[in-house]
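K.L.:
Following is a predicted model, sequence given first.
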Amino acid sequence: MKFVKPIIAITADSLPKPSPVINENVAPFAPRELVEGILAAGGMPIILPFPQDPSEAEEAAQAAVALFDGVVIPGGPDIDPTLFGEEPIPQIGRTNYERDAYELALIKAAALQHKPQLGICRGIQIINVAFGGTLYQDLGTQDPDCHIQHSQKAPGQFPTHHITTTPGSQINAIVGAKQKVNSRHHQAVRTVAAAFKATATAPDGVIEAIELQQGDDILAVQWHPENMWQRDPAALALFQDLVARADQRKKA
């Protein structure tokens, strides 16, 4: 019997400006290091572009979910705060409502079919919003306890602050009790969705990982393992865990 690798989808971002190579505006893309991380973990990556008409998001998500065994919701622009009941504050960055609409629909469709998910940076935030949680639109102005640098000046592949994980949690089993991670965000989980629990925090209390209260279908982290897996076994382990979960569901 021929071995077939689990198919791991990556939701695409889009270029906000015309590409210098093919001069195509809003071309869909995924970070190369993320694609290679999935390959290194034994998965077969595919990229899912979002429809430019948000009214088509649910239909597109339903069609896409049949194509993959697991999915990564990666980093990207800020999330439209009207999706969690707030108006945008002056400090919010660029948003993309079309991507928001598609990822919300895809996260819910994948959850209904128990397709394993891994959220990265923006991914933890949109997953939390998908299930009814809220976000800090800007940590520096909205979280009085935030006192470490969450938008690092160091190169992205360098870890810059520590996280502590909850004993007995899914993330604890994957990366251990304490890790040093990279950090490129100014938004973060504020109120955790009821279906989830926070299982890793930064030294100032900022939530760094969430996972389901029941089951292991969805795990999300605030840092960027795709930039670190080449030199950090714990970062690679996050992709290996996703591929292993996807393979289990595929064979079930």
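P.N.:
Looks like it came in fine. Numbering: from 1, shown residues only.

K.L.:
Check which residues of stretch 124-136 are buried.
P.N.:
Neighbour-count burial for stretch 124-136 flags Ile124, Gln125, Ile126, Ile127, Asn128, Val129, Ala130, Phe131, Gly133, Thr134, Leu135, Tyr136 (criterion: 16 or more other C-beta atoms under 10 Å). All C-beta spots, glycine's among them, are computed from the backbone N, C-alpha and C.

K.L.:
Let's see which of the residues you listed end up in helices.
P.N.:
Ile124, Gln125, Ile126, Ile127, Asn128, Val129, Ala130 (DSSP state H).

K.L.:
out of those, who's nearest Arg231?
P.N.:
Nearest to Arg231 among these: Ile124, at 22.7 Å, using C-beta to C-beta.

K.L.:
which residues does the closest residue to that closest one other than its chain neighbours bridge with?
P.N.:
Residue nearest to Ile124 in three dimensions, not counting chain neighbours: Ala220, with 3.7 Å by C-beta to C-beta, 6 or more residues apart in numbering. Bridge pairing for Ala220 (DSSP bridges) gives the partners Gly119, Ile210.

K.L.:
what's Ala220 in contact with, if anything?
P.N.:
Ile73, Gln117, Leu118, Gly119, Ile120, Gly123, Ile124, Ile127, Asn128, Ala209, Ile210, Glu211 (C-beta atoms under 8 Å, 6 or more residues apart in numbering).

K.L.:
For the protein, just list every one of the helices.
P.N.:
32-40, 57-65, 97-112, 122-130, 139-142, 170-175, 233-251.

K.L.:
could I get the ones you listed as a markdown table with distance to Thr199?
P.N.:
Converted to a markdown table, the helices of the chain look like this (distance: least, C-beta to C-beta, whole Å):
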| stretch | distance to Thr199 |
| --- | --- |
| helix 32-40 | 21 |
| helix 57-65 | 26 |
| helix 97-112 | 18 |
| helix 122-130 | 11 |
| helix 139-142 | 19 |
| helix 170-175 | 5 |
| helix 233-251 | 13 |
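
K.L.:
Need the residues that contact stretch 176-183.
P.N.:
Contacting residues not belonging to stretch 176-183 are listed as 149-152, 154, 156-165, 167, 202, 208, 221-224, 227-228, 234 [C-beta under 8 Å, 6+ apart].

K.L.:
Write the ChimeraX selection for whichever of those residues are buried.
P.N.:
The buried residues among the contacts of stretch 176-183 can be selected in ChimeraX (16+ other C-beta under 10 Å) with this line:
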select :150,152,157,159,160,161,163,165,202,208,221,222,223,224,227,228,234
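
K.L.:
which strands and helices sit next to the lowest-mean-pLDDT helix or strand in the chain?
P.N.:
Least confident helix or strand, the chain: strand 28-29 with a mean of 85, by mean pLDDT, DSSP states H and E. Strand 28-29 sits against strand 13-14, with contacts defined as 3 or more C-beta pairs under 8 Å, 6 or more residues apart in numbering; DSSP states H and E.
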